[in-house]
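Asks: Sequence and predicted model, in that order:
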Amino acid sequence: MEVVGDDNVVVGRTSLKRKSPEITTEDEISRFPLNELNQDLLERVLSWLPTSSFLRLSSVCKRWKSTADSATFRRACSQVPAREPWFFMVDSRKPQSSIAFDSSEGNWKKLNRPPLFSAVDFIPVASSGGLICFHSNNAAGDFIVTNPVTGACHQLTSLPTPHPPILAIAMTSSKAGTFKVFVVSGELPSITFRQYTSGADQWEDEISLTRKSATKSSSSPVEAEASDDDCTQYFLSKCGNVISPEIQRSSSKQYSSVLTISRATGDEILHFLSSSGTVVACNLTRRLFSEYPRLLPVFSEYSIDLVECGGEMYVVLLCDFLESCSVRVWSWDERIESWRQVAAMPPHMSHKFYGKKADINCSGGGGGGKMFVCVSSGEMCCYVMCDLVGNEWVEVPQFYDNGGKAKEFASALSFEPRIEASVN
C-alpha cells in the first residue's frame, strides 16, 4: 500500500521516488468527478455517506436528488451495517415534536412531520432501526409507524376490541423491510401479549403469559409482604413527605419497554417497569414472565428507567443519598442472579440533581453502547450522552427555538437515520 505525504513523496517502496509535479492530487481527483461514475457505482458511494451529509448534498444536482427515490440506492443503503443513532425528542406538553439530536455530528435536526398526526393525538412509544411507532391517546387501539427522516407513515390495523389495559409496547424491524409491534396488556399476574406483523398487516391472536417459577433471589421478605396486600401502601420519607411505592411516569414513557434477544437461546425478551417499579421480563418465545428483585427498598425515593444498548438491558437509577445525588447504570447478571453496576455518572455532574425531585428517562443508541439521558424537573432540564463502554458522560447543549428560548424535552427515542426504512 502506498501512502502519499504532504510533499508528494511516495512512501512504502524500497526507493523513494518523487511524483511528477505536473500531476497533483487535485488534478487526479478532477479527472474522476462523481458525475462521470455510472449510476450503480454512484449509488454505492452515496449510500455510505452519513444521512445528514447525503440530505445536504442531494441539493447539488437533479441526478443526486433523484438517487434518494431509487430502489437500487435504497438497497445499497440497507447493506450499510449500522448508522450513528439519532434521538427523537419528546416534549411532554407537545409529544408530536419534530426535533432530533444527531449523535454523529453532535447537533440538533428538524424532521419532517407526518401528515396523519394532524388528525389524532399520537405519542411516540417505541422505535427500532429507522422506524418509530406512535400510539393514540384517544383511540387505544390505533398505531402509526413512521420513518422520521422521510416523513413516510403507515397506520396499522386497530387492535381487536375489547382488550385489557396496555402495559408495554415494543417493536422490532429487519433490513428486509418488515417490522413487528408487540403489545403487553393486562394486570399482573394476569398478562397477555399480541404481535403485529407488517407483512400480513394484522394482529395475531392474544397469548397468555405464565409466571416463571421463582428462584431464591427473585423475591425478598419486603416484596413478599407487599404483594400479599392489594391495598396501596404509603411511607414517610426522611424529608417528612408521604410517598407511595406506585411510580408515576410521564405520559411519553408510560408504555416504555426494552426488547432484547437472548444470546444463549435466541428468545425474544421484553422488559418493562411495573407500577411498583419492579423490572418485569416477558419471554415472548417461551410465553413466560418473571420479576427481577428490587435494586432499592420499596419505600425509597428514586427515579428509574430501562434502556437497551448493544443488545443488553440496563437499568438507570437516579437517587438522592447522603446529601448528594447519584446516577448509576446496572445490568442483570444471570450467572449470579444479581444486579451488577456497570457505569456511574461523575459526582460533579449528578450532584446538581440533588433535591430537585428529578425524573430520569433514557434511550439506548443500538450496538454502539451510546445512551441518551434526559433529566427533568420543575426547576431544570438536562441532557447527557453516555458511552457505557468507556463510562464517559458528556452534557448535550440545549435546543433553542426561533425565539431563543430553550426547549425542554422529557424523553427521547433512538433510531437509525435510514432513508430506506419502509413503513409498509
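Replies: Received the coordinates, thanks. Numbering: from 1, shown residues only.

Asks: Every contact and neighbour count from this point should use C-alpha atoms.
Replies: OK.

Asks: burial count for residue 296?
Replies: By other C-alpha atoms under 10 Å, 13 other residues sit near residue 296.

Asks: any idea which element it lies in?
Replies: If you go by DSSP states H and E, residue 296 is not part of any helix or strand.

Asks: Find the nearest non-adjacent residue to residue 272, please.
Replies: residue 257 (4.5 Å; C-alpha to C-alpha, 6 or more residues apart in numbering).

Asks: Quick one, grab the pLDDT at that neighbour.
Replies: pLDDT, residue 257: 93.

Asks: ok, now the one 5 residues further on?
Replies: Residue 262 is assigned a predicted lDDT (pLDDT) of 89.

Asks: can you pull up the bridge partners for the residue nearest to it when sequence neighbours are not counted?
Replies: Nearest-residue entry for residue 262: residue 268, 6.6 Å, with adjacent residues in sequence omitted and distances by C-alpha to C-alpha, 6+ apart. Applying DSSP bridges to residue 268 gives these bridge partners: residue 261.

Asks: got a list of what residue 268 touches?
Replies: By C-alpha atoms under 8 Å, 6 or more residues apart in numbering, the contact set of residue 268 is 259, 260, 261, 262, 283, 284, 285.

Asks: one step back: gap between the residue nearest to residue 272 and residue 270?
Replies: According to C-alpha to C-alpha, to the nearest Å, residue 257 stands 7 Å off from residue 270.

Asks: Quick check: neighbours shared by these two?
Replies: Contacts common to residue 257 and residue 270, judged by C-alpha under 8 Å, 6+ apart, are residue 170.

Asks: Quick check on those two: which one has the bigger neighbour count.
Replies: Shown here are residue 257 and residue 270; by other C-alpha under 10 Å, residue 257 has more neighbours (27 against 24).

Asks: Now do that one against residue 201, distance only.
Replies: Residue 257 is 22 Å from residue 201, by C-alpha to C-alpha.

Asks: the helices in this structure, which residues?
Replies: 25-31, 39-47, 51-57, 62-67, 71-78, 221-227, 347-350 (DSSP state H).

Asks: okay if I get those as JSON lines plus mean neighbour count, distance to residue 100 and mean pLDDT?
Replies: As requested, the helices of the chain are arranged in JSON lines below (neighbours: other C-alpha atoms under 10 Å; distance: least, C-alpha to C-alpha, whole Å; pLDDT from 0 to 100):
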{"stretch": "helix 25-31", "mean neighbour count": "10", "distance to residue 100": "35", "mean pLDDT": "47"}
{"stretch": "helix 39-47", "mean neighbour count": "17", "distance to residue 100": "21", "mean pLDDT": "85"}
{"stretch": "helix 51-57", "mean neighbour count": "15", "distance to residue 100": "12", "mean pLDDT": "82"}
{"stretch": "helix 62-67", "mean neighbour count": "14", "distance to residue 100": "23", "mean pLDDT": "79"}
{"stretch": "helix 71-78", "mean neighbour count": "18", "distance to residue 100": "21", "mean pLDDT": "88"}
{"stretch": "helix 221-227", "mean neighbour count": "11", "distance to residue 100": "40", "mean pLDDT": "40"}
{"stretch": "helix 347-350", "mean neighbour count": "14", "distance to residue 100": "23", "mean pLDDT": "93"}
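
Asks: Any chance of TSV for the ones you listed, columns distance to residue 410?
Replies: Formatted as TSV, these follow (distance: least, C-alpha to C-alpha, whole Å):
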stretch	distance to residue 410
helix 25-31	48
helix 39-47	33
helix 51-57	25
helix 62-67	35
helix 71-78	31
helix 221-227	30
helix 347-350	17
